[in-house]
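> Predicted model follows, preceded by the sequence.
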Amino acid sequence: MNTTNFRRDYLTTSGGYGHRLQKSYALALLDTDIRTVGTQLDLHVMGELRMAKVIDMSPYDPKGCKMK
């Protein structure tokens, strides 16, 4: 990893694999200049670099409206 222009713009607070979503997810606190929906981020997860994208709202559907 090239750390020449490294900036810490976010803090990942938690994450995991959502079996109902069939996707990995991370919850993070973001600086205001990178919180635009669609912004691409590089995360380090257990020593491996992973790509991430800022999404609009939580994909969780507590009322079950998206269930098939």
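Thanks, I have it.
> going forward, measure contacts and count neighbours with C-alpha atoms only.
Fine.
> any low-confidence regions in the chain?
The chain contains residues with pLDDT under 70 at 1-9, 66-68.
> What are the boundaries of the strands in it?
Using DSSP state E, the strands of the chain run over residues 10-18, 23-30, 40-45, 48-53.
> Same list (the ones you listed) but as a markdown table, adding mean neighbour count and distance to Asp61.
Converted to a markdown table, the strands of the chain look like this (neighbours: other CA atoms under 10 Å; distance: least, CA to CA, whole Å):
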| stretch | mean neighbour count | distance to Asp61 |
| --- | --- | --- |
| strand 10-18 | 11 | 12 |
| strand 23-30 | 13 | 14 |
| strand 40-45 | 13 | 24 |
| strand 48-53 | 12 | 19 |
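> out of those, which comes closest to Pro62?
strand 10-18 (13.5 Å; CA to CA).
> Gly64: which of the strands of the chain is closest?
Between Gly64 and the strands of the chain, the shortest separation by CA to CA is 15.0 Å, and it involves strand 10-18.
> Neighbouring strands - and their directions - for that closest one?
Paired strands of strand 10-18, with direction, are strand 23-30 (antiparallel) (DSSP bridges).
> Using CSV, write down the CA coordinates of the strand it pairs with.
Output of strand 23-30 as CSV, limited to C-alpha atoms (Å, rounded to 0.1, in the frame of the first residue of the first chain):
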residue,chain,number,x,y,z
LYS,A,23,-23.3,-9.1,1.0
SER,A,24,-20.5,-8.0,3.3
TYR,A,25,-21.1,-4.7,5.1
ALA,A,26,-19.3,-2.2,7.3
LEU,A,27,-20.7,0.6,9.3
ALA,A,28,-18.4,3.6,9.5
LEU,A,29,-18.1,7.2,10.6
LEU,A,30,-17.2,9.3,7.5
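> any idea of the angle it forms with strand 40-45?
For strand 23-30 against strand 40-45, the angle by axes from the mean of the first three to the mean of the last three CA atoms, to 10 degrees is 100 degrees.
> So what angle separates the directions of strand 23-30 and strand 48-53?
80 degrees.
> doesn't Tyr17 make contact with Lys23?
Yes. Lys23 lies in contact with Tyr17 (CA atoms under 8 Å); the separation is 5.8 Å.
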